[in-house]
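Participant: Predicted structure and sequence below. I'll ask about it afterward.
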Amino acid sequence: MSNSEKDLAPLLQRDYTEGFVTDIDSETLPPGLDEDVIRTISEKKNEPEWMLQWRLGAFKRWLKMAPPRWAHLHHPPVDFQDISYYSAPKKRDLLDSLDEVDPKLLETYEKLGIPIDEQKMLAGVKVAVDAVFDSVSVATTFKQTLLDAGVIFCPISEALQAYPELVKQYLGSVVPSADNFYAALNSAVFSDGSFVYIPKGVRCPMELSTYFRINEMNTGQFERTLIVAEEDSYVSYLEGCTAPMRDENQLHAAVVELVAMKGAQIKYSTVQNWYPGDENGKGGIYNFVTKRGACRGQGAKISWTQVETGSAITWKYPSVVLEGDDTIGEFYSVALTNNYQQADTGTKMIHVGKNSRSTIISKGISAGKGQNAYRGLVKVLKGAENARNYSQCDSLLMGDQCGAHTFPYMEVKNPSAVVEHEATTSRIGEDQLFYCRQRGMSEEDAVSMIVNGFCKEVFKELPMEFAVEAQKLLGISLEGSVG
Amino acid sequence: MLSIKNLHADIEGKPILKGVNLEIRTGEVHAIMGPNGSGKSTLANVLAGRDDYEVTSGSVEYRGMDLLDMEPEIRAREGVFLAFQYPVEIPGVTNMYLLKAAINSVRKHRGVEELDAREFLKLIKEKAAMVEMKQEFLYRSVNQGFSGGEKKRNEILQMALLEPHLSVLDETDSGLDIDALKIVAQGVNLLRSEQRSMVLVTHYQRLLDYIVPDYVHVLAGGRIIRSGGKELALELEQKGYGWVEDQAAA
C-alpha cells in the first residue's frame, strides 16, 4: 500500500446513514415473473385494458432480449425469477390527506429528511414531493396548490385513472416499450412513479421532487416517470433515492421520459444515493436506468443534472433527442465510486434539428477499488445544420486501486457541425492534501474541499437547496466516520 | 523559537539529512544555502511535517513543543508556515475559499472567534494590497493559471494573512524575474518583526540582496558545514559551494 493510499483509506470509510429498514406490513408478491404477475400488477392498479396489453407486449419482447454486455461493469448474472415485482405497504386506499398515511411511513421519510408534511419545507423552500415506497406512491404533497396553477403532479398509477388519455398519448413515446432489455422489463412490470404535466405557458410555481425508497427484501423497484411540458412552460424536477443496507443485491430498473414542446424547458436533477454495498462489495443496488428526453419543438431545452453516489452498479445514460430546431440539450454529471462500486454512465445527444446545441460536463470520482466509466454518444444527423456539441469529461482518482475510463463516441453526418471533446484525468495528490494541511485544514476538510472544487461546474447546475445536499452527500460518501 | 538537534531524515529509505543542528531565536532570519541535492528542501519539508520524509533520529523543539510529534495541520495552526517551492493548483476552489478556511482553522485552534465573510473580506483586501496582488486573483481557482511569480506572491499573501511565528520559505526566489523577486522580498520584509522568525532556503545569493539575513548556513551532504553572518553569502557567491565543501572535508 502506498503512502497516499494508507492516508486516504480512513477518509474513504463510508457511513451510509439511510441504511435502516422500516418494519411495516407489506403485501408482497412471491418472487418470479410471468404473464400472471403482470396481470396481477395491472389488476391491483385497476388499469385500463390498453395498459395491460402494452405491458404484455413489452414482456413478450423482453423474453427474447438479453441483458446488455457492452458496459464496463462486472457482476454475476441477475436471476430475474428470484425477484419480487410488487410490494406495497398494507392498508392503503387512495389517500386524501397525510393523516391517513401510516405513521411508520411518515417516520421513515422524516428520518430521511424528506418533507412529506406540507407544513415542513426543505431548506426553507417549498418543494412538492411524491414519495414512492417500494412499488407504490405513498404520498404526494402540494397537489392542490399545483392543480390551481394547472400543473398535474401525481403518482402515475393515479394519472392512469384520472388522465388516461394524456398518459396514453406520451407513455413510450420517448423510450419505446422495447427500447432495451431493462426498459422492456420496466415497461412490463412498472408499478408506480410520478406523472407531471405542465400546461402551455405555465411556469411551475415550485420545485417538484420524487423520493424513491426500496424497503422490502428481494424486491425490485421499477418506477416510471413521465414529464410533459407543453409549449413555453417550465419545470424543475428532482429525484432522490435511498435503500436499506442489505447483504443481497437488489434491482432497480427505472424509466424516465421527458417531453418538451416548443420553447419549453425541463430541468431534471437526480441525487442518487441507493445503498452502495459494504466495504467488501457485499450487497448494494443494481441500478439500470433508462432516461431520455425529447425536445419536440423549436427552442425546447432539456437539462439533466445527476449526482450519483450510491448503488453497487450504475448503468445510466440520460439522453436528449434534439428534434426541433434551435433546441438545447445539457448533461451535467458527478459520479462517485468507492469501495467496490462500479459506474458506467454518460449520455447520448442526438442532434436532429438545425442549430441544435448540446453540452456535456461529466465528472467521475473513483476511490477505493471503484471503477468509473464515462460513455457518451454525440450523434449529428444529416439535417442538423450547424449543430454544436461541447463535451468535457474529467476524472479524479483517489488512491491507486481504482479506475477511470472514458468512452466517447461521435457520429457526425453533417459537415457544418462542430463537435468538441476534452478529457482530463488527475489524482488527488498528496501534494494538494499536504498543501491544505500546511495551511491548517484537517485532512478531511481538505479532501472535501478538493472534491467539491472538482465538481463545482456540476453543482452550480443543481437547484440551490439541493446543491447543498449534494455537497454534504459527497462529503459523507468520502469521509464517513473520520473525525 | 526553534531548536533542531542532530536531525536525521530519510526519503524512501535513502538518508538525506545526516545530523542537522540549528538554533533559531525569536525575531531572527536565517538563510540556508547549499548546492542542489544537499537536503535544503528536505529540511523545509521535515519541519512542515510532510509524510514522504521519515525522521530517523534527532529532535526538533518548537516554542517548547515537540514539533515532530505534531500533525502537519497542528504545526500550521501553531504558527509554522511553509511557503512552497512548487505551490499546487486546486481546480474549482477559489483562492478566497482556501484562505478563509485556512485562517479560520488557525483562529479556531487558538480559541479566537472565526471571521465572518465581511470581516474576512476586509482583512484579505488589506493583505492583498500589501503584496501588490490584484483582487481578481482572490476569486480565481487556487494557483490555477497563475504565473510562477503570481504563485509565489500568493504564498506570501497566505503568510501575511496567517501571521505565523515561524516561516520557512522554500526556494521562494526560484523561477522569479527580478521584478517579481523584489515584490516578494518586499512582502517578506514587511512581515519581518521582533516576534517572528524566518528561515530562507535558497540556492542563490540573489534573494539575500533584498532580504538581509541575520545568519547564513551552508548545508551540504545533509549537514550544516558552515555558519556565519550575511557576509558568508557573498563569499559563497564569489567562491562557489566547492570552496566550503573542500574546507569542510579538509
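Facilitator: Happy to help now that I have it. This is a predicted model, so every value here is computed, not measured. Residues are numbered from 1 along each chain as shown, chains lettered A, B, ... in the order given.
Participant: okay, CA-based contacts and neighbour counts for the rest of this
Facilitator: Will do.
Participant: Confirm for me that residue A:146 is in contact with residue A:140.
Facilitator: No. Checked against C-alpha atoms under 8 Å, the pair residue A:146 and residue A:140 is beyond contact range at 11.0 Å.
Participant: what's the overlap in contacts for the two?
Facilitator: Each of residue A:153 lies in contact with both residue A:146 and residue A:140 under the rule C-alpha atoms under 8 Å, 6 or more residues apart in numbering or on different chains.
Participant: okay, these two: which has more neighbours?
Facilitator: For the pair residue A:146 and residue A:140, the greater number of neighbours falls to residue A:140 (25 against 18), based on other C-alpha atoms under 10 Å in any protein chain shown.
Participant: mind listing what the more buried one touches?
Facilitator: Residue A:140 neighbours (C-alpha under 8 Å, 6+ apart): A:116, A:128-131, A:153-155.
Participant: Which of the residues you listed fall within helices?
Facilitator: Judged by DSSP state H, helices contain none of those.
Participant: can you list the weak-confidence ranges in chain B?
Facilitator: Applying pLDDT under 70 to chain B flags residues B:248-250.
Participant: Can you pull up the residues of chain B that come close to chain A?
Facilitator: B:48, B:50-52, B:72-77, B:81-82, B:87-93, B:98, B:101-103, B:105-106 (C-alpha under 8 Å from any C-alpha of the partner chain).
Participant: Going by neighbour count, which of those residues are buried?
Facilitator: Buried members of the residues of chain B next to chain A, counted by 16 or more other C-alpha atoms under 10 Å in any protein chain shown: B:48, B:50-51, B:72-77, B:81-82, B:87-93, B:98, B:101-103, B:105-106.
Participant: Span of stretch B:200-216 from start to end?
Facilitator: From the first residue to the last, stretch B:200-216 extends over 9 Å; the measure is C-alpha to C-alpha, to the nearest Å.
Participant: Give the buried residues for that stretch.
Facilitator: Residues of stretch B:200-216 classed as buried: B:200-205, B:207-208, B:210-213, B:215-216 (neighbour count, 16+ other C-alpha under 10 Å).
Participant: And for stretch A:441-461?
Facilitator: So stretch A:441-461, judged by 16+ other C-alpha under 10 Å, has buried residues A:441-459, A:461.
Participant: Quick one: mark the members of these that sit in strands.
Facilitator: With strands defined by DSSP state E, no entry of the buried residues of stretch A:441-461 lies inside them.
Participant: what about the helices in chain B?
Facilitator: Under the criterion DSSP H, helices of chain B are mapped to B:40-48, B:72-77, B:95-109, B:117-130, B:148-162, B:178-191, B:231-239, B:241-249.
Participant: low pLDDT regions in chain A?
Facilitator: A:1-17, A:19-21, A:23-25, A:89-127, A:134-139, A:214-218, A:241-248, A:465, A:475-483.
Participant: can we see that at 80?
Facilitator: A:1-28, A:87-142, A:211-220, A:240-250, A:272-283, A:311, A:399-400, A:426-430, A:462-483 (pLDDT under 80).
Participant: Show me what from it comes close to chain B.
Facilitator: By C-alpha under 8 Å from any C-alpha, the residues of chain A that approach chain B are A:3, A:431-432, A:434-442, A:449-450, A:452-457.
Participant: Nearest to residue A:260 among the contacts of residue A:140?
Facilitator: Nearest to residue A:260 among those is residue A:153, at 16.1 Å by C-alpha to C-alpha.
Participant: If we ignore the residues flanking it in sequence, what's nearest that closest one?
Facilitator: residue A:196 (4.7 Å; C-alpha to C-alpha, 6 or more residues apart in numbering or on different chains).
Participant: The one you found contacts residue A:147, doesn't it?
Facilitator: No. The criterion here is C-alpha under 8 Å, and residue A:196 misses it with residue A:147 at 10.9 Å.
Participant: and for these two, which residues touch both?
Facilitator: By C-alpha under 8 Å, 6+ apart, the residues touching both residue A:196 and residue A:147 are residue A:153.
Participant: In terms of neighbours, single out the busier of the two.
Facilitator: residue A:196 (22 against 12).
Participant: Apart from its neighbours in sequence, what residue is nearest the residue of chain B found nearest chain A?
Facilitator: Minimum separation of chain B from chain A (C-alpha to the nearest C-alpha) falls at residue B:92, amounting to 3.9 Å. Once flanking residues are discounted, residue B:92 sits nearest to residue A:453: 3.9 Å by C-alpha to C-alpha, 6+ apart.
Participant: The one you found contacts residue B:93, doesn't it?
Facilitator: Yes. With contact defined as C-alpha under 8 Å, residue A:453 counts as touching residue B:93 (4.7 Å).
Participant: burial count for the nearest residue to residue B:90 once chain neighbours are set aside?
Facilitator: Counting by C-alpha to C-alpha, 6+ apart, residue B:142 is the residue found nearest to residue B:90 once chain neighbours are left out, at 5.2 Å. Neighbours of residue B:142 under the rule other C-alpha under 10 Å: 24.
Participant: so what's residue B:142 up against?
Facilitator: B:88-95, B:98.
Participant: hmm, 7 Å instead?
Facilitator: B:89-91, B:93-95 (C-alpha atoms under 7 Å, 6 or more residues apart in numbering or on different chains).
Participant: SS state for the closest residue to residue A:419 other than its chain neighbours?
Facilitator: Distances taken as C-alpha to C-alpha, 6+ apart place residue A:389 nearest to residue A:419, at 4.7 Å, with adjacent residues excluded. Of the three states, residue A:389 takes strand under DSSP: H, G, I helix; E, B strand; the rest coil.
Participant: do the same with residue A:173
Facilitator: coil.
Participant: Now do the helices in the stretch 151-300 of chain A.
Facilitator: Ranges of helices in the stretch 151-300 of chain A, per DSSP state H, counting those that start in this stretch, are A:156-162, A:164-170, A:181-189.
Participant: List the buried residues in the first one.
Facilitator: With burial defined by 16+ other C-alpha under 10 Å, the residues of helix A:156-162 counted as buried are A:156-160.
Participant: which secondary structure elements does that helix contact?
Facilitator: In terms of contacts (3 or more C-alpha pairs under 7 Å, 6 or more residues apart in numbering or on different chains; DSSP states H and E), helix A:156-162 is packed against strand A:194-198.
Participant: what packs against the strand it packs on?
Facilitator: strand A:152-155, helix A:156-162, strand A:224-229.
Participant: what angle sits between that strand and strand A:224-229?
Facilitator: 10 degrees (axes from the mean of the first three to the mean of the last three C-alpha atoms, to 10 degrees).
Participant: so how far is strand A:194-198 from its chain's centroid?
Facilitator: 16 Å (C-alpha atoms, centre = their mean, to the nearest Å).
Participant: what about dumping the CA coordinates of it to CSV?
Facilitator: These are the backbone C-alpha positions of strand A:194-198, laid out as CSV (Å, rounded to 0.1, in the frame of the first residue of the first chain):
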residue,chain,number,x,y,z
SER,A,194,-44.5,10.2,-11.0
PHE,A,195,-46.5,11.9,-13.6
VAL,A,196,-46.1,15.6,-14.4
TYR,A,197,-48.0,17.7,-16.8
ILE,A,198,-47.3,21.4,-17.3
